[in-house]
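Asker: Have a look at this prediction, sequence included:
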Amino acid sequence: MTSNKYINQWIDEMAALTKPEKIVWIDGSEEQTVALREEACSSGELIRLNQDLLPNCYLHRTAVNDVARVEGRTFICTRKKEDAGNINNWMDPVECYAKLKKLYDGSMKGETMYVIPYAMGQVGSDFAKYGIELTDSIYVVLNMLIMTRAGRAVAEAMPQDDSFVKGLHAKGTLDPENRYICHFPEDNTIWSVNSAYGGNVLLGKKCFALRIASYLGRKEGWLAEHMLILGLENPEGEIKYISAAFPSACGKTNLAMLIPPEYYKKKGYKIWTVGDDIAWLRVKDGRLWAINPENGFFGVAPGTNEHSNPNALHTTERDTIFTNVAHNLDNNTVWWEGLNDNPPTNCINWKGEKWDYRKYDKADKINTSAAHPNSRFTAMAKNCPCISSEFDNPAGVPISAIVFGGRRAKTAPLVYQSFNWQHGAFVGSIMASETTAAAAGALGVVRRDPMAMRPFVGYDMGDYWAHWLDMGKRIANPPKIFHVNWFRTDDEGHFIWPGFGDNMRVLMWILARCEGKVGAKETAIGYVPNPEDINVEGLDISRETLETLLSVDADAWKEDIANIKEFYAQVGARVPKEMYEELAALEKRLG
Ligand code: OXD
Ligand code: MN
């Protein structure tokens, strides 16, 4: 499909290693895609769902021990260890290639190796980057056809050089002890073996669009971030764009697809989704412009419902691959916890076993829930009812505000604004959140997750912060930087902010601040809204609760500072001095 000698030579080498029976190029045609779906349904890899209720929708189950990203088995393989930094796992590239070659050797014997040419970003745009994923999994092919722009047109548009990102995936034996997700940023290469879970094997997403792209972004002067992008349209038809970084499974998809509260809806306000997970940001005409390099959504299913995110729900009603959700045998559809209050009685759970809803125990979700807590939908952006008209615009959208956020029961107020870009980058660097099911490991533990990029920076974290500081110097009109926390609780652990659509009230304050239309209270941590400036019309919330939501507890912050210092020490020698200056200034302001 290509005359690019670098691509053909690399495919030959990888085929000599993995020894597939045949090699098939993915052309992106409907005919080939239909045939692959057929094959996956015959082998049991996919289950065809009720085509009247869920046209062109399928269900897939991964192995029980292969249901989330595995950060402990994810490596950045730079020649010098210090270039990967202390936060990433590191392996010497020579050692890593040798180790993984043994695992790949003959791993595709008797199987087909699929060659997927794909683009992150609009083909032909300044932002676009190209990759090829080789895989022995039809599930991966069908997901990549949703999540990226893939096929013949991309192969033909790829430059005639070796700048493409070389991705090799083999299911192998799915042995968790030999599972590796390895990145070689100096070689534009990604090797993934012994997994079939999306975040580990859809190589265009986390591996390329964040880890490799963040490395390229530093080299080339742009940013690859774990951010949603949304447009907020006012009744005059003017649209302002916001990008926001929250850790995995903290509601990026919900915020990106938010439905405005009645009060704003009636006035004509609208939200448009440009992206729900990844933003690539470049400086142009003195502003920061963003694209979503993806073509679909790989969203968390549990909790998605008609109230929390009707737009996501409707996006998944056609052309969707569901992974590890429950199978309702009564009507051959899908179900997950939080979809509605009617758990199916004739149901197969995410493990493929008969499921009894009466045994569900919130304290042991993994073993008793119908859907895995990290079960997913892979759905097409173009099917989203609120997809932005700018989604496909190769120029991207200009960003007015950058929002950081985490899941914090205490400490962080509902919203605050940083004093300037440098302070904003500092606010990003000290982000923290309680862990979720998107990554393997303990849940609900507070961990520092700078810019929501802890698992995704393809180089040293200190260098990454320095790159943020540099970027700020290059933008004449930089976006204002904010921090939000939708997850504050009372002493009994109940959320005190309604969240979901009502988060729009906070976005309105953020945009009003960007336009200099509203005041704020200056506190030790930044500018916090005066309670009367958050519009709560139609909300049942007391003034006292609002004051609690906006309060800054100096003692809690002082405790946090000790933890931040430990984290900075762990990041190590390359933490920019500006970050330490900001930390010292914060400490001083707290008194
Ligand atoms: C994701 C994640 O899948 O962050 O987006 O884990
Ligand atoms: Mn994500």
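Answerer: Arrived safely. Numbering: from 1, shown residues only. Ligands and ions are numbered 1, 2, ... in the order given.

Asker: contacts, neighbours, all on C-alpha from now
Answerer: Fine.

Asker: Distance of residue 290 relative to residue 401?
Answerer: Residue 290 sits 11 Å away from residue 401, going by CA to CA, to the nearest Å.

Asker: What about the nearest residue to residue 561 once chain neighbours are set aside, how many residues nearby?
Answerer: The shortest distance from residue 561 to any non-neighbouring residue, by CA to CA, 6 or more residues apart in numbering, is to residue 587 (7.4 Å). Counted with other CA atoms under 10 Å, the neighbours of residue 587 add up to 16.

Asker: what mean pLDDT does the helix or strand residue 587 falls within have?
Answerer: Element membership for residue 587, per DSSP states H and E: helix 577-590. The pLDDT scores in helix 577-590 average 98.

Asker: Stretch 462-477 now?
Answerer: For stretch 462-477, the mean per-residue pLDDT is 98.

Asker: do stretch 316-325 as well
Answerer: So the average pLDDT for stretch 316-325 ends up being 98.

Asker: With stretch 167-174 instead?
Answerer: Averaged over stretch 167-174, pLDDT sits at 98.

Asker: What of stretch 419-428?
Answerer: On average, stretch 419-428 scores 98.

Asker: any residues touching it, and which ones?
Answerer: 404, 417-418, 450-451, 465, 468-469, 472, 478, 480-483, 526-527, 578-579, 582-583 (CA atoms under 8 Å, 6 or more residues apart in numbering).

Asker: just to revisit the earlier point, compare residue 290 and residue 401 (neighbour count), which wins?
Answerer: residue 290 (30 against 22).

Asker: show me what contacts that one?
Answerer: 229, 279-282, 396-399.

Asker: between these, which has the most around it?
Answerer: In the contacts of residue 290, the most neighbours by other CA under 10 Å go to residue 229, 30 neighbours.

Asker: surely it meets residue 275?
Answerer: Yes. At 4.9 Å, residue 229 and residue 275 qualify as touching, with contact defined as CA atoms under 8 Å.

Asker: What are the contacting residues of the helix holding residue 587?
Answerer: Applying CA under 8 Å, 6+ apart, the external contacts of helix 577-590 come out as 422-423, 426, 524-525, 554, 557-558, 561.

Asker: where does the stretch 301-450 of the chain dip in pLDDT?
Answerer: 438 (pLDDT under 70).

Asker: What segments of it are strands?
Answerer: Using DSSP state E, counting those that start in this stretch, the strands of the stretch 301-450 of the chain run over 321-323, 326-328, 333-335, 347-348, 376-380, 397-405, 415-417, 432-434, 446-448.

Asker: Out of those, flag the one nearest residue 125.
Answerer: Proximity to residue 125, assessed across these by CA to CA, is greatest for strand 397-405 (13.4 Å).

Asker: Now do the helix or strand residue 288 falls within, average pLDDT.
Answerer: Assigned by DSSP H and E, residue 288 belongs to strand 287-291. Strand 287-291 shows a mean pLDDT of 98.

Asker: Let me know the angle separating it from strand 397-405.
Answerer: 80 degrees (axes from the mean of the first three to the mean of the last three CA atoms, to 10 degrees).

Asker: Return the distance of strand 287-291 from the chain's centre.
Answerer: The chain centre lies 18 Å from the centre of strand 287-291; the measure is CA atoms, centre = their mean, to the nearest Å.

Asker: Mind checking what helix or strand follows that strand in sequence?
Answerer: strand 296-300.

Asker: Would you check how far apart residue 263 and ligand 1 are?
Answerer: Per CA to the nearest ligand atom, to the nearest Å, residue 263 is found 31 Å from ligand 1.

Asker: now do residue 39
Answerer: Counting by CA to the nearest ligand atom, the gap from residue 39 to ligand 1 is 26 Å.

Asker: Which helix or strand contains that residue?
Answerer: Per DSSP H and E, residue 39 falls inside helix 30-43.

Asker: now the helix or strand following that helix, how far from the chain's geometric center?
Answerer: Next along the chain after helix 30-43, taking DSSP H and E as the criterion, comes strand 47-48. Centroid displacement of strand 47-48 relative to its chain, using CA atoms, centre = their mean, is 27 Å.

Asker: Could you tell me which of the contacts of stretch 419-428 are located in helices?
Answerer: Among those, the ones falling in helices (DSSP state H) are 465, 468-469, 472, 578-579, 582-583.

Asker: got those residues as JSON lines, with neighbour count and distance to residue 257 columns?
Answerer: Output for the ones in helices among the contacts of stretch 419-428, formatted as JSON lines (neighbours: other CA atoms under 10 Å; distance: CA to CA, whole Å):
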{"residue": "465", "neighbour count": "23", "distance to residue 257": "29"}
{"residue": "468", "neighbour count": "22", "distance to residue 257": "27"}
{"residue": "469", "neighbour count": "20", "distance to residue 257": "30"}
{"residue": "472", "neighbour count": "19", "distance to residue 257": "28"}
{"residue": "578", "neighbour count": "16", "distance to residue 257": "36"}
{"residue": "579", "neighbour count": "22", "distance to residue 257": "33"}
{"residue": "582", "neighbour count": "17", "distance to residue 257": "34"}
{"residue": "583", "neighbour count": "19", "distance to residue 257": "34"}
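
Asker: Tell me, how many residues neighbour the closest residue to residue 522 other than its chain neighbours?
Answerer: Sequence neighbours aside, residue 528 is the residue nearest to residue 522 in space, at 6.4 Å (criterion: CA to CA, 6+ apart). For residue 528, the count of nearby residues is 22 (other CA under 10 Å).

Asker: Would you quantify the distance from residue 528 to residue 568?
Answerer: Residue 528 is 25 Å from residue 568, by CA to CA.

Asker: Ok, residue 386 next?
Answerer: Distance check for residue 386 against residue 568: by CA to CA, it reads 40 Å.

Asker: How about residue 49?
Answerer: 49 Å.

Asker: cool, and residue 385?
Answerer: Applying CA to CA, the value for residue 385 to residue 568 is 42 Å.

Asker: Kindly report the same for residue 256.
Answerer: 31 Å.

Asker: who has more neighbours, those two?
Answerer: For the pair residue 256 and residue 568, the greater number of neighbours falls to residue 256 (28 against 20), based on other CA under 10 Å.

Asker: Measure how buried the residue of the chain found nearest ligand 1 is and give me the count.
Answerer: For the chain, the residue closest to ligand 1 is residue 248, as judged by CA to the nearest ligand atom, at 3.8 Å. If you count neighbours by other CA under 10 Å, residue 248 ends up with 22.

Asker: So it sits against residue 436, correct?
Answerer: Yes. Between residue 248 and residue 436 there is a contact at 7.2 Å, judged by CA under 8 Å.

Asker: Pull the distance from stretch 440-454 to the chain's centre.
Answerer: Worked out by CA atoms, centre = their mean, stretch 440-454 lies 13 Å from the chain centre.

Asker: Only the buried residues of that stretch, if you could.
Answerer: Neighbour counts using 16 or more other CA atoms under 10 Å place 440, 448-454 of stretch 440-454 among the buried residues.

Asker: just stretch 285-303 next, same as before
Answerer: 287-302.

Asker: which ones are touching the residue nearest to residue 522?
Answerer: When contacts are counted by CA under 8 Å, 6+ apart, residue 528 touches 415-417, 520-522, 550.
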